[in-house]
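Chemist: here you go, sequence then predicted model.
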Amino acid sequence: MVTNLVYAEFDATKAEAFADQLLNILNAGGLALMVSIGHRAHLFDVMAHLPPSTSQQIADAAQLQERYVREWLNALTVGRMVDYDAVNRTYHLPAEYAAFLTRAAGTDNIATFAQHVSSMSIVEDAILQCFSAGGGVPYSEFKRFHEVMAEDSGQTIVSALEEHILPIVPGLMERLQTGIDVLDLGCGSGRALNKLAKLFPNSRFTGYDLSPEPIATATAEAQAHGLTNVEFRVQDAAQIQDVECYDLITTFDAIHDQAHPDIVLRNIYNALRMDGGTYLMQDIRATTEVSGNLDHPLAPFLYTVSCMHCMTVSLAAGGMGLGTMWGREKAMEMLQAAGFQSIELKELPHDIMNDYYVIQKGVA
């Protein structure tokens, strides 16, 4: 540790402002964990329908232990996220806050994403070791990853498929209704693909994912709903041998995690049919150069996700370690290197986190 440093210039105002920033970070970090717990315990959903209530009344309504609920409520009270009446000792979640903290809020529910903070903290020791030894932390070490990502995807992607995402590809809805072959790479728990299979019974859907656990979940859901036009397979996207088999290939928040994204993109190119083959890629909105992300509203969070998950799982497999914030410029470069020439970038008003790339095979 370096001590007794003497600075030629020391801006006391700047130092004080930074100390305040650090205090805010500590408080925000604690609140992020409380928001995650509130989401997982359905406390926000319960409080949204209650008048000002005591901690016991809230605990009873949520069927939870009062002592824990009270401490949670107090954390949110001093964090200015819950209103407190000291005379009656009642707590209340304002409707203006519930609009961003409850499942009823749909795509506006930010509490869903707070779960990433707690799920990433599980691997802090392993990540710290990588700082010294290199390598990465594999998917298997992230105990709640697939569960959290399924909820994340369900809120951001699955709920928006019909109204927002599919319409950005001209004529795609009509083609799906008539019947085409579709592949989703990195399908996870299959929520998006199972929804598409329900919506478009004349089309045929295949989902690939590297992990057996989410594939089992996806298959079970398809069987539970009697879907016969969808199948799921455990498959490394870098190893697929499909040639001109699909009319549409989708990847949702999947490419930057890959060990070998360059190979995966080339495999996608090869697997698309030359006549009308379309690739729809959703990935994180960012620029490749960090200076372009200084005003990004989620940049600190997303770089943290990259360091604590996306980059490290790629490196654990001996991969490129592309990272969450690979950015538009790198994405365009890699898509073109894979053979794609017609690439159109789309932004959706409901989604501040992602970009959507509409890519046609064989079109200059």
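Modeler: Nice, I can see it.
Chemist: residues contacting residue 334?
Modeler: 261, 262, 265 (Cβ atoms under 8 Å, 6 or more residues apart in numbering). Placement of C-beta: from N, CA and C, glycine included.
Chemist: buried subset of these, written for ChimeraX?
Modeler: To isolate the buried members of the contacts of residue 334 in ChimeraX, using 16 or more other Cβ atoms under 10 Å:
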select :261,262,265
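Chemist: what about residue 237, how many neighbours?
Modeler: Counted with other Cβ atoms under 10 Å, residues neighbouring residue 237 total 25.
Chemist: contacting residues around it?
Modeler: Residue 237 makes contact with 185, 186, 208, 210, 254, 258, 264, 267 under the criterion Cβ under 8 Å, 6+ apart.
Chemist: residue 238 reaches residue 268, doesn't it?
Modeler: No - the pair residue 238 and residue 268 fails to qualify as a contact (Cβ atoms under 8 Å) at a distance of 10.8 Å.
Chemist: so which of these two has more stuff around it?
Modeler: residue 268 (28 against 17).
Chemist: element containing the more buried one?
Modeler: Secondary structure from DSSP states H and E places residue 268 in helix 261-271.
Chemist: so which residues make contact with that helix?
Modeler: Outside helix 261-271, the residues that reach it (Cβ under 8 Å, 6+ apart) are 183, 185, 237-238, 240, 242-246, 249, 251, 255, 258, 279, 319-320, 322, 334-335, 337-340, 361.
Chemist: just the ones in strands from those, please.
Modeler: Among the contacts of helix 261-271, the members found in strands (DSSP state E) are 183, 185, 249, 251, 279.
Chemist: quick one, what contacts the first one?
Modeler: Which is residue 183. Shown here is residue 183, whose contacts under the criterion Cβ under 8 Å, 6+ apart are 205, 206, 207, 208, 242, 245, 246, 248, 249, 250, 271.
Chemist: list phi and psi for the fourth one.
Modeler: Read it as residue 208. Its backbone dihedrals place residue 208 at phi -110, psi 140, with angles given as degrees, to the nearest 10.
Chemist: surely it touches residue 190?
Modeler: No - with the criterion set as Cβ under 8 Å, residue 208 and residue 190 do not qualify as a contacting pair; they are 10.5 Å apart.
Chemist: between those two, point out the one with more neighbours.
Modeler: Counting neighbours by other Cβ under 10 Å for residue 208 and for residue 190 shows that residue 190 has the greater number, 30 against 21.
Chemist: the residue nearest to residue 221 when sequence neighbours are not counted: neighbour count?
Modeler: Take residue 221 and drop its neighbours on the chain: the residue closest to it by Cβ to Cβ, 6 or more residues apart in numbering is residue 194, 5.4 Å away. Around residue 194 sit 23 other residues, with neighbours defined as other Cβ under 10 Å.
Chemist: picking up where we left off before, as CSV, could you dump the C-alpha coordinates of the helix holding residue 268?
Modeler: As requested, the backbone C-alpha atoms of helix 261-271 are provided in CSV (Å, rounded to 0.1, in the frame of the first residue of the first chain):
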residue,chain,number,x,y,z
PRO,A,261,-18.5,-15.6,-31.5
ASP,A,262,-16.8,-15.3,-34.8
ILE,A,263,-17.3,-19.0,-35.5
VAL,A,264,-20.9,-18.8,-34.3
LEU,A,265,-21.7,-16.0,-36.6
ARG,A,266,-20.2,-17.8,-39.5
ASN,A,267,-22.2,-20.9,-38.6
ILE,A,268,-25.4,-18.8,-38.5
TYR,A,269,-24.5,-17.5,-42.0
ASN,A,270,-24.1,-21.0,-43.3
ALA,A,271,-27.2,-22.3,-41.6
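Chemist: ok so, going back, can you lay out the contacts of residue 183 as a markdown table showing distance to residue 135 and pLDDT?
Modeler: Rendered in a markdown table, the data for the contacts of residue 183 read as follows (distance: Cβ to Cβ, whole Å; pLDDT from 0 to 100):
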| residue | distance to residue 135 | pLDDT |
| --- | --- | --- |
| 205 | 36 | 98 |
| 206 | 32 | 98 |
| 207 | 29 | 97 |
| 208 | 25 | 97 |
| 242 | 31 | 93 |
| 245 | 35 | 95 |
| 246 | 34 | 97 |
| 248 | 36 | 98 |
| 249 | 31 | 98 |
| 250 | 31 | 98 |
| 271 | 31 | 97 |
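Chemist: could you dump those to a markdown table with distance to residue 73?
Modeler: Putting the contacts of residue 183 into a markdown table (distance: Cβ to Cβ, whole Å) gives the following:
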| residue | distance to residue 73 |
| --- | --- |
| 205 | 45 |
| 206 | 47 |
| 207 | 41 |
| 208 | 44 |
| 242 | 53 |
| 245 | 55 |
| 246 | 51 |
| 248 | 48 |
| 249 | 47 |
| 250 | 42 |
| 271 | 52 |
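Chemist: return the member of the residues you listed nearest to residue 18.
Modeler: Checking the contacts of residue 183 against residue 18 with Cβ to Cβ, the nearest one is residue 250 at 43.6 Å.
Chemist: who's in contact with that closest one?
Modeler: So, once contact is read as Cβ under 8 Å, 6+ apart, residue 250 ends up touching 182, 183, 184, 185, 192, 279, 280, 281, 282.
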